[in-house]
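> generate coordinates for the sequence data below:
(chains A and B)
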2 protein chains.
Amino acid sequence: MNKVNLAEAFETFSDYWSPRIAGELNDSYVKLAKFSGKFDWHHHEHEDELFLVVSGRLRMGLRSGDIDLEPGELIIVPRGTEHCPEALTDECHVILLEPKSTLNTGNVISERTVRNLKDL
Amino acid sequence: MNKVNLAEAFETFSDYWSPRIAGELNDSYVKLAKFSGKFDWHHHEHEDELFLVVSGRLRMGLRSGDIDLEPGELIIVPRGTEHCPEALTDECHVILLEPKSTLNTGNVISERTVRNLKDL
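Model prediction:
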């Protein structure tokens, strides 16, 4: 059993929209991701998804109205809810928690879809 | 859908070893807890448990050797593993992630067992 130091873990990769697996528990992965710019609108049919902002600012685009998050703020996007994450700063570092089955682009397959997740 | 500001959420309660539900996703709760002093040794038969330190310092007592955590560090205690959380500072604020079925004292029922979790 090892602990994970988030700051050190974020230092180990630099690509955007490419989550790294920081740990697993029960049926879920804890992932770390760096966002820059705007992602694609998508939803996850069967999975709720948690975003916790570690650094930078995140806009969660939602059809019901965007929600902006600062470091130390989290949001849970329920299954079936269309959303579009966007970094409001040059970079935004985020902890994601979601079932192992979750594909980053949800119902939309694009060049940003990551099928084979990398470990830290 | 609402965001949760962790600092504000931790301001809303003051009792120790009494986790508050900050959100739910899939089959899990995100809980916030304040630790002070040492808890009881216990394990969870069927549930892995994540601890992310927000403030203060946490010692995760483990039969294989203790692991100390600073703010911004997390540890996942696998099911079946005996553990004993201990605050190394006056207070330690922690985000917990675990299945809804998880009882705080695991296999040990004591006066610290919390059966009816409170929302924030």
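
> what residues are up against the closest residue to residue A:68 other than its chain neighbours?
Using CB to CB, 6 or more residues apart in numbering or on different chains and skipping the chain neighbours, the partner closest in space to residue A:68 is residue A:59 (5.1 Å). (Each C-beta comes from the backbone N, C-alpha and C, glycine too.) Neighbour list for residue A:59: A:66, A:67, A:68, A:69, A:85, A:86, A:87, A:88 [criterion: CB atoms under 8 Å, 6 or more residues apart in numbering or on different chains].

> now these: which count as buried?
Neighbour counting with 16 or more other CB atoms under 10 Å in any protein chain shown marks A:67, A:69, A:85, A:86, A:87 as buried within those.

> and the one helix or strand the residue nearest to residue A:68 maps to, average pLDDT?
Assigned by DSSP states H and E, residue A:59 belongs to strand A:58-62. Strand A:58-62 comes out with an average pLDDT of 98.

> can you pull out the strands in chain A?
Assigned by DSSP state E, chain A shows strands spanning A:3-5, A:20-25, A:28-35, A:49-55, A:58-62, A:67-69, A:73-77, A:83-87, A:92-99, A:118-119.

> ok, residues contacting the last one?
By CB under 8 Å, 6+ apart, the surrounding residues in contact with strand A:118-119 are A:13, A:18, A:20, A:21.

> make TSV out of those and add pLDDT, neighbour count and distance to residue A:119.
Below are these laid out as TSV (pLDDT from 0 to 100; neighbours: other CB atoms under 10 Å in any protein chain shown; distance: CB to CB, whole Å):
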residue	pLDDT	neighbour count	distance to residue A:119
A:13	96	15	10
A:18	93	15	12
A:20	95	20	7
A:21	95	15	5
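
> which one of those residues is nearest residue A:104?
For the contacts of strand A:118-119, the minimum distance to residue A:104 (CB to CB) is 8.2 Å, reached by residue A:18.

> check contacts around that closest one.
Residues in contact with residue A:18 (CB under 8 Å, 6+ apart) are A:33, A:34, A:114, A:118.

> which one (most neighbours) among those residues?
In terms of neighbours by other CB atoms under 10 Å in any protein chain shown, the contacts of residue A:18 top out with residue A:33 at 24 neighbours.

> what is it paired to in the beta sheet?
residue A:94 (DSSP bridges).
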